[in-house]
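Asks: Can you look at this prediction? I've put the sequence above it.
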Amino acid sequence: MKNFTSIEDINDLQSMIKTALQIKNNPLAEPNKGKGKTIGLVFLNSSLRTRLSSQIAAQNLGLNVLILNASQEAWNLEFADGAVMNGGTVEHVKDAVEVLNQYCDIIAVRCFAGMQNKEDDVNESILSQFLKYAKVPVISLESATRHPLQSFADCITITENWKENRKPKVVLTWAPHIKPIAHAVANSFTEWMQSMEVDFVIANPEGYDLDPKFVKNTTVFHDQNEALKDADFIYVKNWSSFEDYAAMPEVKENWMLTQEKLNATQNAKVMHCLPVRRNVELSDEVMDSENSIIYQQAKNRIFSAQTVFSEILDELPT
Amino acid sequence: MKNFTSIEDINDLQSMIKTALQIKNNPLAEPNKGKGKTIGLVFLNSSLRTRLSSQIAAQNLGLNVLILNASQEAWNLEFADGAVMNGGTVEHVKDAVEVLNQYCDIIAVRCFAGMQNKEDDVNESILSQFLKYAKVPVISLESATRHPLQSFADCITITENWKENRKPKVVLTWAPHIKPIAHAVANSFTEWMQSMEVDFVIANPEGYDLDPKFVKNTTVFHDQNEALKDADFIYVKNWSSFEDYAAMPEVKENWMLTQEKLNATQNAKVMHCLPVRRNVELSDEVMDSENSIIYQQAKNRIFSAQTVFSEILDELPT
Amino acid sequence: MKNFTSIEDINDLQSMIKTALQIKNNPLAEPNKGKGKTIGLVFLNSSLRTRLSSQIAAQNLGLNVLILNASQEAWNLEFADGAVMNGGTVEHVKDAVEVLNQYCDIIAVRCFAGMQNKEDDVNESILSQFLKYAKVPVISLESATRHPLQSFADCITITENWKENRKPKVVLTWAPHIKPIAHAVANSFTEWMQSMEVDFVIANPEGYDLDPKFVKNTTVFHDQNEALKDADFIYVKNWSSFEDYAAMPEVKENWMLTQEKLNATQNAKVMHCLPVRRNVELSDEVMDSENSIIYQQAKNRIFSAQTVFSEILDELPT
């Protein structure tokens, strides 16, 4: 694996999941695999699970970890090529990445969508610059349009929770929120589910259809109840409008996932990437029910990261 | 030891002090005791000594350390159970702690009193949530009403500085400040002194009596000079009113600890938890005198933390 | 080496450079040299290269690393001796340093010029306090008037890039900027170049002459083209007026380093300490040309730091 920024970077998802479950079973099996190598974790945005799970994964492999909270600890980055830097940005991303090339064997970066300019976000204006200038492998810790380490952890979690001899029905359902939220988790989950042996559908209100580039042939319901019927897994997530970018068209129905809605499913497992707004996206009752496998998802973030780091280490020059 | 949030979590203070002094004598005696275990240090507030001494203590034991500056690096936490999270808080403490349960073998947390709502602070509205949801041991790095790692370090320091065959007289004296300061250090020092073989008294102006729950039978003087008479140890600390919560009733006398006042004691040793406002709480002259054992206290923070971490490691599942 | 805050702390620059190049050749040759020792990296200002290269250097030597972003994570420091601390500062630098003495075997600190008060900056009002109160070695990670780890890395880089049998001509040239910038890098580079076997000149507009204490006998040109003639190395850096402290007198000529100007040199190598404002200090074309050795400079920051840490470890008590 050279980079890890989307499912495109994976050869065989089933085999990756198998490896991840082996790592979960014995996370300290290769404590020196990363010895003498350095991973730089660059955060342009807030992070709890990604921050901590990446550190644990790296430590489990013996990697040195450098953490850079870029805006607070270092310099405001410029992302526009050719910019005359006579404004508020102090260092061009090209130069920052070229320096990281000198210091790190792997660069991992978190860079959210700005939600201001559709084209910038769709084109991954930040991550694409890291990829352009990096001479070492780049791992996405969430970017404008994808959150692949989360989606990989989601696949691991679904695999752990499905023992039946039929395909599970997996529903990605939109949930209410108070602010315009990015599409990364929803896009990415969609992309990965399309590679899993599952029946996958999306439910969202009218005006909230995801980018067709990600939806492809996946069925989209605008009626949540219809979509949830017979669900085995429900993935709850808010996102803002893609078409009318970052807008929040009014939604008259109540899309919060409640116990009542959950009761109408196949005793579905409930998933969420966290952080979650309780009693807005889903009710306390659902969040705290036995159906929730949300904390297990969070734990699996360690093993999705460790699997990816491990595969990238396999191909580093020694 | 399951948790460490107050002196209640300790069986035998004298034996703990003895252990701490042994650790101080050879801090690297057990470099692999914490191997493969992870401690998460969660800071909801500023920290210098606690931050650094905890890291050193953990490293001395071979623990992996994760540091989370919660508000800057992660998400604004919600502490109210049942909250409809449609405001400024992004993640419920329950979910954050449940995730830390997945990632850490020990959770240590610093959460100051808000000084806005007496009931919230008295009830430890933040720490209590960590304790409620944690499934791994919780260590307080200072909470609304107590600072037990500081108090334990204070006991170690007093023990190191007392070789006579009588009980030392220890005076906790209020000092001036410019802002309403929490009661944690004063409460906690009181609690721990009540378990030490010392004659302990408190001196503070009228209107500044500490919570009776902590004071118990300890004598409280409203005349500083009277209290300081024959003192062997003077612990200097500001706190705001407890009764008229967080108020700062006017104080006409000068309560700053000066050399003149120190001269009236038994050549008393001077203590402070730091940070200290020089020439407000105590004079430069006192702070820089040979009577000050304040930096020794700071050093002993390493060994109080290491002793506690070590005892908690003893009871972790392997 | 007891401290490292200027070239004065070095005995033999040529031998230090030789050592640094040996370390660069095998950075992991002494992985246990710092075992059981702790270096505290204290940042009062932003940092990318210094932050990361210092961590890598310390890890390469097996040192424990404590990082303190002083203002965000700890307390606002007071630097005035004798201050009555009834304002916005919470902890006196004396007390912070005395605590660091207890926790660290080496203290490294970054403290920029305030650019408000010439005397404060010239007298190193912050670094001097660290030096005054430290009882362990102090390393400057850049201070008000010098950036010695940068300059040492610059010397390493020039050495690596010069194989001819004559002295290279090295030009430190002023470059435009939009804000008043400190003199530390320019002063320090001047100081170190005066100890190298090079022909060193400075070019800056009128009104921008550096502190004569640093310039000494070095020739200063006010005509950039004249200075650049036959240059082998061009060091690009902005600084504000020293005489009219922190002012930015108008400059009518265009001092940005362009390809056209570069063409008039001896195919000169271009240097910059980074971060750089592209198309303000120098053009994209120059920055991205094969003449730029700027990223190599950044890489050499690891080895300048590691050499200094290593020499300081040599003299620490065991």
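Replies: Yep, it's here.

Asks: so residue A:169 bridges to which residues?
Replies: With DSSP bridges as the criterion, residue A:169 is bridged to residue A:199.

Asks: And the pLDDT for it?
Replies: pLDDT recorded at residue A:169 is 98.

Asks: now swap in the one 5 residues further on and tell me
Replies: pLDDT, residue A:174: 98.

Asks: Then the one 3 residues further on?
Replies: What the model reports as pLDDT for residue A:177 is 97.

Asks: Does it touch residue A:238 like I think?
Replies: Yes: contact status for residue A:177 versus residue A:238: in contact at 3.7 Å, counting by CB atoms under 8 Å. From N, CA and C alone the C-beta is placed, and that goes for glycine too.

Asks: Can stretch A:109-128 be said to contact chain C?
Replies: No: with CB under 8 Å from any CB of the partner chain as the criterion, chain C is not reached by stretch A:109-128; the gap is at least 13.7 Å.

Asks: And the contacts of that stretch?
Replies: A:5, A:42-45, A:47, A:50, A:79, A:93, A:130, A:138-145, A:180, A:182-184, A:211, A:240, A:245-246 (CB atoms under 8 Å, 6 or more residues apart in numbering or on different chains).

Asks: Name the nearest residue to the residue of the stretch 1-150 of chain A at minimum distance from chain B, ignoring sequence neighbours.
Replies: Going by CB to the nearest CB, chain B is nearest to residue A:48 of the stretch 1-150 of chain A, at 3.9 Å. For residue A:48, ignoring the flanking residues on the chain, the nearest one in space by CB to CB, 6 or more residues apart in numbering or on different chains is residue B:74 at 3.9 Å.

Asks: Report how many residues lie close to residue A:280.
Replies: 18 (other CB atoms under 10 Å in any protein chain shown).

Asks: what pLDDT does the residue nearest to residue A:48 get?
Replies: At residue B:74, pLDDT is 90.

Asks: which outside residues touch the lowest-mean-pLDDT helix or strand in chain A?
Replies: Between all helices and strands in chain A, the lowest mean by mean pLDDT, DSSP states H and E belongs to helix A:70-73, at a mean of 88. Applying CB under 8 Å, 6+ apart, the set of residues contacting helix A:70-73 from outside is A:42-44, A:77, A:96, B:72, C:43, C:46-48, C:51, C:69, C:72.

Asks: Which PyMOL command selects the buried ones in the contacts of stretch A:109-128?
Replies: Here is the PyMOL command that selects only those of these that count as buried (16 or more other CB atoms under 10 Å in any protein chain shown):
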select buried, chain A and resi 5+42+43+44+45+47+50+79+93+130+138+139+140+141+142+143+144+145+180+182+183+184+240+245+246
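
Asks: So which of the contacts of stretch A:109-128 belong to strands?
Replies: Counting by DSSP state E, the contacts of stretch A:109-128 place A:42-43, A:138-140 in strands.

Asks: quick one: which of those residues is nearest to residue A:61?
Replies: Residue A:61 lies nearest to residue A:139 out of the ones in strands among the contacts of stretch A:109-128, by CB to CB, at 13.1 Å.

Asks: so what's the closest residue to the closest one other than its chain neighbours up against?
Replies: Leaving aside its chain neighbours, residue A:139 sits nearest to residue A:108 (4.1 Å; criterion: CB to CB, 6+ apart). Shown in contact with residue A:108 (CB under 8 Å, 6+ apart): A:39-42, A:54, A:138-141.

Asks: pLDDT score for the spatially most distant residue from the centre of chain A?
Replies: Here chain A reaches farthest from its C-alpha mean at residue A:86, the gap being 34.6 Å by CA atoms, centre = their mean. Model confidence at residue A:86, given as pLDDT, is 96.

Asks: Kindly list the main-chain dihedrals of it?
Replies: Backbone geometry at residue A:86, expressed as degrees, to the nearest 10, gives phi -110, psi 30.

Asks: So it sits against residue C:256, correct?
Replies: No: the pair formed by residue A:86 and residue C:256 falls short of the contact definition of CB under 8 Å, at 10.8 Å.

Asks: Show the model's pLDDT score for the nearest residue in space to residue A:144 that is not next to it in sequence.
Replies: In space, and not counting its chain neighbours, residue A:144 is closest to residue A:113: 3.8 Å by CB to CB, 6+ apart. We have a pLDDT of 97 for residue A:113.

Asks: Residue A:113 should be in a strand, yeah?
Replies: No: secondary structure of residue A:113 (DSSP: H, G, I helix; E, B strand; the rest coil): coil, not part of a strand.

Asks: tell me the SS of residue A:172?
Replies: strand.

Asks: Near residue A:283, how many other residues are there?
Replies: Counted with other CB under 10 Å, residue A:283 comes out at 19.

Asks: Provide a list of residues in contact with it.
Replies: A:256-259.

Asks: hmm, 6 Å instead?
Replies: Taking CB atoms under 6 Å, 6 or more residues apart in numbering or on different chains, we find residue A:283 in contact with residue A:258.

Asks: what does the one 3 residues further on give?
Replies: Under the criterion of CB under 6 Å, 6+ apart, the contact list for residue A:286 reads A:257, A:259, A:262, A:270.

Asks: The same query, at a cut-off of 8 Å, please.
Replies: A:257-259, A:262, A:270, A:292.

Asks: So for the helix or strand harbouring it, mean pLDDT?
Replies: Element membership for residue A:286 (DSSP states H and E) is helix A:284-287. The pLDDT scores in helix A:284-287 average 98.

Asks: can you check stretch A:135-147 too?
Replies: 98.

Asks: Relative to chain C, which of the contacts of residue A:108 is nearest.
Replies: Using CB to the nearest CB, the contacts of residue A:108 come closest to chain C at residue A:40, 7.1 Å.

Asks: Correct me if wrong: the closest one contacts residue A:66.
Replies: Yes: using CB under 8 Å, residue A:40 is in contact with residue A:66, at 4.6 Å.

Asks: Can you give me the neighbour number for residue A:235?
Replies: Residues contacting residue A:235 under the criterion other CB under 10 Å number 26.

Asks: partners of the helix or strand where it lies in the sheet?
Replies: Under the criterion DSSP H and E, the helix or strand holding residue A:235 is strand A:233-237. Using DSSP bridges, strand A:233-237 pairs in its sheet with strand A:169-174 (parallel), strand A:269-271 (parallel).

Asks: Would you mind giving those strands as CSV with mean neighbour count added?
Replies: Listed next are the strands paired with strand A:233-237 as CSV, based on neighbours: other CB atoms under 10 Å in any protein chain shown:
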stretch, mean neighbour count
strand A:169-174, 24
strand A:269-271, 24
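
Asks: quick one: which of the ones you listed is nearest residue A:15?
Replies: strand A:169-174 (20.5 Å).

Asks: Point out the other helices and strands that the helix or strand hosting residue A:154 packs with.
Replies: In this assignment (DSSP H and E), residue A:154 forms part of helix A:148-160. Other elements packing on helix A:148-160 under the criterion 3 or more CB pairs under 8 Å, 6 or more residues apart in numbering or on different chains; DSSP states H and E are helix A:13-25, helix A:49-60, strand A:138-140, helix A:184-193, strand A:269-271, helix A:294-314.
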